[in-house]
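Student: coordinates only, no sequence provided:
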């Protein structure tokens with residue numbers, strides 16, 4: 001199923017890389033290296049900018065880890081973002097780690113504290129601000145989330161468009177991640193975490209939302225020297241109705257593929 005699904009933050013390279021150039025970012029923090037697809041682009045970018053890259057991932061793939069061996073300006077921290085981010089200074093951050101309220105809210109808080117301490121403008125790119133993670137927590141390691149912030153969850157049940165609960169089948173983690181049993185409500189989902197972080201800072205931050213490939217959010221300083229140029233660049237993508245329709249169609253088609261695969265597998269079981 002995975003081979004059919006565009007899911008990487010690297011799909012937004014045509015937006016992220018120009019945005020980094022517009023802002024003059026040299027030092028970059030990446031949370032969530034996964035297979036290193038986005039990491040490769042960031043290594044090349046920071047090398048050309050005369051800067052540095054720090055990637056944070058508790059369990060990077062072997063391929064992602066190997067990328068850092070040949071690039072002294074890039075460093076891998078094999079650990080949790082909430083442990084690694086305090087005091088880590090950067091001009092920009094890319095957040096594509098654990099997709100739940102607790103983790104993302106506290107990543108935002110730590111990034112904000114770092115930029116305020118250093119006197120830097122805030123600039124962060126967030127993946128998975130659209131369905132299904134916008135208003136629903138996913139957990140790679142539920143035991144790492146304090147119980148009072150953790151939604152009831154399932155490792156086996158899945159999600160589908162238009163259903164706030166969970167179903168047999170649907171889009172699911174297949175043992176890789178657990179799914180909150182309900183969509184919506186307080187302290188639930190990536191977009192909810194970002195909105196809760198922004199609350200009270202509306203006069204200092206601007207938000208752009210690209211509704212494609214599970215959603216890209218860009219949160220940035222309202223008063224930086226580059227704010228006007230970055231805003232003009234992002235405006236055609238921000239909450240584009242066309243992109244939103246294409247994304248809904250993409251998800252509906254993929255969910256149908258999952259359904260057909262499940263039906264085929266069920267047929268095998270019944271005939272065995």
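Tutor: Here it is on my side, so go on. If you're wondering where the values come from, they're calculated on a predicted model, not measured in any experiment.
Student: what about the nearest residue to residue 115 once chain neighbours are set aside, how many neighbours?
Tutor: Of all residues not flanking residue 115 in the chain, residue 122 sits nearest, at 4.9 Å (Cβ to Cβ, 6 or more residues apart in numbering). The C-beta positions use only the backbone N, C-alpha and C, and glycine is treated the same way. The burial count assigned to residue 122 is 21, neighbours taken as other Cβ atoms under 10 Å.
Student: residue 122 and residue 205 touch, don't they?
Tutor: Yes - Residue 122 is in contact with residue 205 according to Cβ atoms under 8 Å; the separation is 6.4 Å.
Student: so what sits against both of those two?
Tutor: By the contact definition Cβ atoms under 8 Å, 6 or more residues apart in numbering, residue 122 and residue 205 are jointly contacted by 219, 220, 221.
Student: most neighbours of all those residues, which one?
Tutor: For these, the largest number of neighbours (other Cβ under 10 Å) sits with residue 219, at 24 neighbours.
Student: doesn't it belong to a helix?
Tutor: No - counting by DSSP: H, G, I helix; E, B strand; the rest coil, residue 219 is located in no helix; its state is strand.
Student: just to revisit the earlier point, how close does the residue nearest to residue 115 sit to residue 10?
Tutor: Noted for residue 122: a distance of 23 Å to residue 10, by Cβ to Cβ, to the nearest Å.
Student: closest one of the shared contacts of residue 122 and residue 205 to residue 108?
Tutor: residue 219 (7.7 Å; Cβ to Cβ).
Student: how about the closest one, what does it touch?
Tutor: Contact partners of residue 219, counting by Cβ under 8 Å, 6+ apart, are 108, 122, 123, 124, 126, 194, 198, 205, 206, 207.
Student: just the buried ones from these?
Tutor: When those are checked for burial by 16 or more other Cβ atoms under 10 Å, the buried set is 108, 122, 123, 124, 126, 194, 205, 206, 207.
Student: hang on, residue 36 packs against residue 69?
Tutor: No - using Cβ under 8 Å, residue 36 is not in contact with residue 69, being 11.9 Å away.
Student: neighbour count: the two, which is higher?
Tutor: Using other Cβ under 10 Å as the criterion, residue 36 and residue 69 rank with residue 36 on top: 24 against 9.
Student: once you drop chain neighbours, what's closest to the more buried one?
Tutor: residue 64 (3.4 Å).
Student: I'd like to know how far that neighbour sits from residue 150.
Tutor: 28 Å.
Student: and for residue 159?
Tutor: Distance, residue 159 to residue 150, by Cβ to Cβ: 17 Å.
Student: which of the two has more neighbours?
Tutor: Between residue 159 and residue 150, residue 159 has the larger neighbour count (other Cβ under 10 Å), namely 23 against 19.
Student: pLDDT value on residue 272, please?
Tutor: With respect to pLDDT, residue 272 scores 63.
Student: now do residue 119
Tutor: With respect to pLDDT, residue 119 has a value of 96.
Student: again, but for residue 3
Tutor: Confidence score, pLDDT, at residue 3: 70.
Student: and it, how many neighbours?
Tutor: For residue 3, the count of nearby residues is 4 (other Cβ under 10 Å).
Student: for my notes, confirm it occurs in a strand.
Tutor: No - according to three-state DSSP, residue 3 belongs to no strand; its state is helix.
Student: contacting residues around residue 98?
Tutor: Neighbouring residues of residue 98 by Cβ under 8 Å, 6+ apart: 81, 104, 138, 139, 140, 141, 144.
Student: so it, which of the three states?
Tutor: coil.
Student: tell me the contacts of residue 105?
Tutor: Residues near residue 105 by Cβ under 8 Å, 6+ apart: 187, 193, 194, 196, 197.
Student: do a quick rundown of the helices in the stretch 101-250 of the chain.
Tutor: Along the stretch 101-250 of the chain, counting by DSSP state H, counting those that start in this stretch, helices occupy 101-118, 190-198, 227-234, 241-271.
Student: how far does the longest one sit from its chain's centre?
Tutor: I take that to be helix 241-271. 23 Å (Cα atoms, centre = their mean, to the nearest Å).
Student: same thing with the third one?
Tutor: Here helix 227-234 is found 21 Å from its chain centre; the criterion is Cα atoms, centre = their mean.
Student: residues making contact with that helix?
Tutor: Contact partners of helix 227-234, identified using Cβ under 8 Å, 6+ apart, comprise 15, 18-19, 22-23, 121, 206, 208, 210, 218, 220-221, 224.
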